[in-house]
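**Student:** Give the three-dimensional model of this entry:
(chains A, B, C and D)
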Number of protein chains: 2
Amino acid sequence: MSLRAALLALIEVAGPSSGYDLTKRFEGSLAHVWQASHSQIYPELNRMAADGLLEVEAEGPRGRKTYSITAAGRTGLHEWLTETKPEQRVRSEEALRAFLIPLLPREEALDLLKEELRHVEARRAELETLCEHASESDFGRYALERGLRQLAASRDWALWAIDRLQKSEEARTETARTPTGEL
Amino acid sequence: MSLRAALLALIEVAGPSSGYDLTKRFEGSLAHVWQASHSQIYPELNRMAADGLLEVEAEGPRGRKTYSITAAGRTGLHEWLTETKPEQRVRSEEALRAFLIPLLPREEALDLLKEELRHVEARRAELETLCEHASESDFGRYALERGLRQLAASRDWALWAIDRLQKSEEARTETARTPTGEL
DNA sequence: CGCAGCAATGTCAAAGTTGACATGTCGGCT
DNA sequence: AGCCGACATGTCAACTTTGACATTGCTGCG
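**Tutor:** Residues are numbered from 1 along each chain as shown, chains lettered A, B, ... in the order given. The predicted model follows:
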């Protein structure tokens, strides 16, 4: 259902669009939040049209189809936003790795964390520029801000973890103990 | 592959375990990071055993099967951690909602945000207690900390968004303008 | 002209995920 | 004895998601 909501919202905001347009827009700021490729979007649009949420206007020289939102579509979107309780579960491979970090010997763990830190910084910089170019009232403004804050949290965590690992290494060196069981 | 890595790691850390054990452990701190139910875990364990990553020791009065990690399993886990580049895409329905917030009239948007804030605070409190009860060296310590920071970021974002919406409402009231197009 | 590249839509198999259904054991309580 | 809840494993249909394969029209370039 999330895909439907996203598509309805995109059409609601930008007006009648083609599947191609929507696919492109999914590659923009929305990509930080939800992903879908054309192979998922095209069939879904047709199903939504069949369900009366969208109206198709097929034409265009290259077989372009334009979908517009119907009253039913608008109602559906509103219902989804207000009456569906959000799925709180998050699945993040990065977080899973974080979970598994303690399995690695310190050196390797530190390398991984530093690598992660680089990635996060890169994405943050990217988002930051997007954020600057976005107008005050831009549609994706809220999501952008959210993404930025999440990334900042990831960065801070990585810094914390690196610090912690280095401290525990120092402690280990001082007391001259052998390391405990690692992978 | 993430499921495999998680299962290998859980067995690596806790020693030989049954599918039931692993299912329970997936409901613990790991649930904040990755989810899997027994219907996914049981078949996967058997596949992993067939692939030589695990060793089965079937017995126990209630048909309990105990899986232990093999050398190949350990290698596989290590490879996954160090040689696979992490999937950076995140899919979060909550974030998607954040994206769509501007579609709602202010009052409804505020209600949603406040609701979200409550949820986040509740989960944060829950994690916080988990964090306190966790020993310094607990396996899940890093993931727990990461989860806490993510939730804090979500909370701060919600507060920021509420503030922003209220400010824009004031501005609107002052200038006595009619609202722009909303859902 | 031919060709590359983008516009535009589609299908399909494979993999991942969920929730429901199914089954049987064991221990403790009434 | 009967029942409940925890232990323990499994299957299956439905749905979502991904990546590959496939096709056609238009546009600009050499």
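**Student:** The host helix or strand of A:N46 near chain B anywhere?
**Tutor:** Using DSSP states H and E, A:N46 sits within helix A:38-50. No. If you take CB under 8 Å from any CB of the partner chain as the test, helix A:38-50 misses chain B, and the best it gets is 12.5 Å. (C-beta placed from N, C-alpha, C; glycine too.)
**Student:** Report the inter-axis angle for the helix or strand that comes right after that helix versus helix A:38-50.
**Tutor:** Later in the chain than helix A:38-50, the nearest helix or strand by DSSP H and E is strand A:54-58. Strand A:54-58 runs at 110 degrees relative to helix A:38-50, counting by axes from the mean of the first three to the mean of the last three CA atoms, to 10 degrees.
**Student:** does chain B sit close to strand A:54-58?
**Tutor:** No. Strand A:54-58 lies out of reach of chain B by CB under 8 Å from any CB, never closer than 15.8 Å.
**Student:** gap between A:Q150 and B:A152?
**Tutor:** Shown here: A:Q150 relative to B:A152, a distance of 10 Å by CB to CB, to the nearest Å.
**Student:** higher neighbour count, the two?
**Tutor:** A:Q150 (23 against 16; other CB atoms under 10 Å in any protein chain shown).
**Student:** just the CA coordinates of stretch A:71-79, formatted as PDB?
**Tutor:** Below are the C-alpha coordinates for stretch A:71-79, written out as PDB (Å, rounded to 0.1, in the frame of the first residue of the first chain):
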ATOM      1  CA  ALA A  71     -11.700  11.800  -6.300                       C
ATOM      2  CA  ALA A  72     -11.500   8.200  -5.100                       C
ATOM      3  CA  GLY A  73      -7.800   8.400  -5.400                       C
ATOM      4  CA  ARG A  74      -7.700  11.600  -3.300                       C
ATOM      5  CA  THR A  75      -9.900  10.000  -0.600                       C
ATOM      6  CA  GLY A  76      -7.700   6.900  -0.600                       C
ATOM      7  CA  LEU A  77      -4.600   8.900  -0.100                       C
ATOM      8  CA  HIS A  78      -6.100  10.900   2.700                       C
ATOM      9  CA  GLU A  79      -7.300   7.700   4.400                       C
END
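**Student:** quick one, what contacts A:A58?
**Tutor:** A:64-66 (CB atoms under 8 Å, 6 or more residues apart in numbering or on different chains).
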